[in-house]
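Colleague: Here is my input, please return the structure:
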Amino acid sequence: MKLIKPATILLIGAFYTALTAFSAGGPKLPHPPQRAAVRTIIIDPGHGGFDTGTKGLQIAEKEVALDVAMKLGKLIEETWPDVKIVYTRTTDIMPGGGATIASGLNYRADLANKSRGDIFIALHCDNDGHPAGPFTVHRIVGHKYVGKGKRRRRVPIYESYTGRHTRKGTETFIWKAEKAGDKNMAIISGEGEVTDSAGEAESDSLAFDMDSPEARMRAQLYEKKYFANSALFATLVEDEFAKAGRASEGVFQRDVGIRVLQATGMPSVLIEMGFLSNVEEEQYLISEDGQNEVARNIMDALRRYKATLEGHATN
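Modeller: Purely as a prediction, here's the structure:
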């Protein structure tokens, strides 16, 4: 995993703002407002149905993800009535009704692409590699020799103790920029239109012909654009979590293991909202106050993201 430095990513915001404020010959003259940069938001509550995700002592990841997803959707509806929200699931089911996790992941990505999403937000919870509750840890405290003659050998001496879950906080993943070809295939084969910086549709039959060199070139350009937008939004999300007092581990790039980031032809992020293996974080993520705060943090990041792309001032 490769960490994105917040200072570097925040320069993206300044870049967008500069583009909307100046041209080569100086400040631009007033012009009609451009189309909204965020018109369709895909909200993906992770797991579902037979796939519980990680588990705390009292709740499963699939439940927390769905609860926060519905709260986030309500905030978006109240803030931007004209913005379309597409949920990959709204109940405790595997999206698409498939019998495997892989089919569910493919369904999520296909739904996002066919819905012409402008941003894809996957919601998840984390664990520290151990089941919730007390667990046993073994460590080597020395060695001894056993056996005789040729069978004599040195073996470790173990000490066992009860481990504690101390890891907590948030982290957000985006698809790795250097992983060329994987995401731009989703862009080429996507059902939806691609838009330029002013929100105008750019899709046409030639540009998205799988065998067209123009299609692949354009897909590479949009892959870079989507990476920049994904990194911008992910950084804003982690910034909002940090301002709320959460322990933010930052933004990471992934090039394996996250199908919904790879196969979605749009800016996409996967947000780990906290560690269910940590009893304190589990209590926070179970509570109405905790879930509402997480939803508000993501909503505030969305406001800043949308305003940045559209060149509006933000508080």
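Colleague: Could you find the closest non-adjacent residue to A247?
Modeller: Distances taken as C-beta to C-beta, 6 or more residues apart in numbering put G169 closest to A247, at 3.2 Å, once the chain neighbours are dropped. For glycine as for every other residue, the C-beta is placed from the backbone atoms N, C-alpha and C.
Colleague: One more: I121?
Modeller: Once flanking residues are discounted, I121 sits nearest to I43: 5.5 Å by C-beta to C-beta, 6+ apart.
Colleague: Could you do T166 as well?
Modeller: In this structure, T166 finds its nearest non-sequential neighbour in N278, 7.1 Å apart by C-beta to C-beta, 6+ apart.
Colleague: Can you check the distance spanned by stretch 152-170, start to finish?
Modeller: End-to-end distance for stretch 152-170: 49 Å, by C-alpha to C-alpha, to the nearest Å.
Colleague: which residues touch that stretch?
Modeller: Applying C-beta atoms under 8 Å, 6 or more residues apart in numbering, the set of residues contacting stretch 152-170 from outside is 128, 130, 132, 134-147, 238, 241, 246-249, 271-275, 277-281.
Colleague: What segments of the stretch 51-200 of the chain are strands?
Modeller: Assignment of strands within the stretch 51-200 of the chain using DSSP state E, counting those that start in this stretch yields the ranges 84-87, 119-126, 135-146, 153-163, 170-175.
Colleague: Could you export those as TSV, including distance to Q262 and mean neighbour count?
Modeller: Output for the strands of the stretch 51-200 of the chain, formatted as TSV (distance: least, C-beta to C-beta, whole Å; neighbours: other C-beta atoms under 10 Å):
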stretch	distance to Q262	mean neighbour count
strand 84-87	19	17
strand 119-126	11	26
strand 135-146	33	10
strand 153-163	34	10
strand 170-175	6	25
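Colleague: and I85, bridged to which residues?
Modeller: For I85, the beta-bridge partners are I41 (DSSP bridges).
Colleague: my read: M94 touches G49, true?
Modeller: Yes. At 3.7 Å, M94 counts as touching G49 under the criterion of C-beta atoms under 8 Å.
Colleague: For those two, indicate the residue with more neighbours.
Modeller: Between M94 and G49, counted using other C-beta atoms under 10 Å, M94 has the larger neighbour count: 20 against 17.
Colleague: Report the contact partners of that one.
Modeller: Contacts for M94 were tallied using C-beta under 8 Å, 6+ apart; they are G48, G49, F50, D51, I101, S103, G104.
Colleague: Could you check how far the fifth one is from H47?
Modeller: Look at I101 and H47: by C-beta to C-beta, to the nearest Å, they are 8 Å apart.
Colleague: Who has more neighbours out of those two?
Modeller: Set I101 next to H47 and count neighbours by other C-beta under 10 Å: H47 wins out with 25 against 15.
Colleague: tell me the contacts of that one?
Modeller: H47 touches G53, A60, E61, K62, A65, H124, counting by C-beta under 8 Å, 6+ apart.
Colleague: Recalculate using a threshold of 10 Å.
Modeller: The contact partners of H47, taken as C-beta atoms under 10 Å, 6 or more residues apart in numbering, are 53-54, 60-66, 89, 92, 94-95, 101, 104, 123-125.
Colleague: Buried subset of the contacts of M94, written for PyMOL?
Modeller: Selecting only the buried entries of those in PyMOL, with 16 or more other C-beta atoms under 10 Å as the criterion:
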select buried, resi 48+49+51+104
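Colleague: Same list (the contacts of M94) but as a markdown table, adding pLDDT and distance to Y161.
Modeller: Output for the contacts of M94, formatted as a markdown table (pLDDT from 0 to 100; distance: C-beta to C-beta, whole Å):
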| residue | pLDDT | distance to Y161 |
| --- | --- | --- |
| G48 | 97 | 37 |
| G49 | 97 | 37 |
| F50 | 96 | 35 |
| D51 | 96 | 33 |
| I101 | 94 | 35 |
| S103 | 94 | 42 |
| G104 | 94 | 39 |
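Colleague: Sounds good, over and out.
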